[in-house]
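Trainee: I'd like to go over a predicted model; first the sequence, then the structure.
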Amino acid sequence: MAIVATAVLVALSVSACAGKRKKPTLAYEERPVELLYSTGANRLDRGSYNEAVDYFREVERQHPYSEWSRRSILMTGYAHYMSNQYSEAISDADRFIGLYPGNPSASYAYYLKAVCYFEQIVDVNRDQAATEQAMASLRDVVQRYPNSEYAQDARLKIDMVSDQLAGKEMTIGRYYLKNGQTLAAIGRFRTVVDRHQTTSHAPEALYRLVESYLTLGLLDEAKRNGAVLGYNFPGDPWYAEAYKLLTSNNLRPAVEPLKAGNKKNMLDRLTHDKDKTLAPPADTTTPADGKPPAETKPKKGGVSGILGM
């Protein structure tokens, strides 16, 4: 009986191992570091991101103290980002920053981390944790490297993220207003006006404040917010609505509405187009353990200068 039980356990163990099939990895074979790195870069340019990760990790494993190993960490993060494995890419960026905080390429690690959070931004009706993280990370890039090309892209994304956060505040504020919680609604609309006044939601937030204060009978506050709306957005449809609302309450605003023009919501620009994400920087330094391979021709959306990074 003991023999039968042992046989069953062995069979179950074999079945369990067969059921847990892992992604095949490279078999260990000592190869020149330049060959490993170049092959990883080639796989990356071809869109074989998982294979690229395998080769860059092999560089780290076989040549852990080389300059190539440092480069491979960042390239692993970029490959993870391109395959939408954001958590892994953020982890790679953090590892690079932790190991090489003073390296010039650390600026890209901060940028890559911020873009990963940015691309995880979801609809305003859902939790905005990634949006908050994106805003903090993008601002970190601008503060640390204000004159870099990464800061330029980060500033554009900050405007979009701010619009997203304002949209969330407006969604909650409208809900409160609809359910008779006028003071709570005012708090949300006021947040948009005070913190996100350059976003596409500011005109509506001011209109909602006019509407809310009229509901509470606070006519002076309603008129004041209407004046702010008219002064800053005289041609916006929300001011036209506020103007009607104020005049119907015998509060004639000083500014006449202008003819409304076509406005594009900033959220329309909130796209996750990887072709517009900056590729890792080129590195002109020569590794101590070998000469860098030939540069590849930069291309949009590709790994610009990746082989000489």
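Mentor: Structure received.
Trainee: Show the end-to-end separation of stretch 227-240, please.
Mentor: 12 Å (CA to CA, to the nearest Å).
Trainee: residues of it that come out buried?
Mentor: 227-230, 233-234, 236, 238-240 (16 or more other CB atoms under 10 Å). Where C-beta positions appear, they are placed from N, C-alpha and C, glycine not excepted.
Trainee: Tell me the pLDDT of Glu67.
Mentor: At Glu67, the pLDDT value in this model is 87.
Trainee: Count the residues that sit near it.
Mentor: Other residues lying near Glu67 total 17 when counted by other CB atoms under 10 Å.
Trainee: Low-confidence regions, the chain specifically.
Mentor: Applying pLDDT under 70 to the chain flags the ranges 1-31, 122-128, 259-273, 283-309.
Trainee: OK, contacts around the residue nearest the centre of the chain?
Mentor: With distances taken as CA atoms, centre = their mean, Phe118 lies nearest the centre of the chain, 1.0 Å away. Phe118 makes contact with 134, 137-138, 157, 160-161, 272, according to CB atoms under 8 Å, 6 or more residues apart in numbering.
Trainee: Please identify which of these is nearest to Leu35.
Mentor: Nearest to Leu35 among these: His272, at 33.8 Å, using CB to CB.
Trainee: Could you pull up phi and psi at the residue nearest to the centre of the chain?
Mentor: Phi and psi for Phe118, reported as degrees, to the nearest 10, are phi -60, psi -40.
Trainee: And Thr199, by the same measure?
Mentor: phi -90, psi 170.
Trainee: so what does the longest helix belonging to the chain touch, helix or strand wise?
Mentor: In the chain, assigned by DSSP state H, the helix with the most residues is helix 149-178. Judged by 3 or more CB pairs under 8 Å, 6 or more residues apart in numbering; DSSP states H and E, helix 149-178 is in contact with helix 106-118, helix 129-144, helix 182-195, helix 202-216.
Trainee: make it 6 Å
Mentor: Counting contacts by 3 or more CB pairs under 6 Å, 6 or more residues apart in numbering; DSSP states H and E, helix 149-178 packs against helix 106-118, helix 129-144, helix 182-195.
Trainee: and these, which is most packed in?
Mentor: Highest mean neighbour count among the helices and strands packed on helix 149-178 (mean count of other CB atoms under 10 Å): helix 106-118, with a mean of 25.
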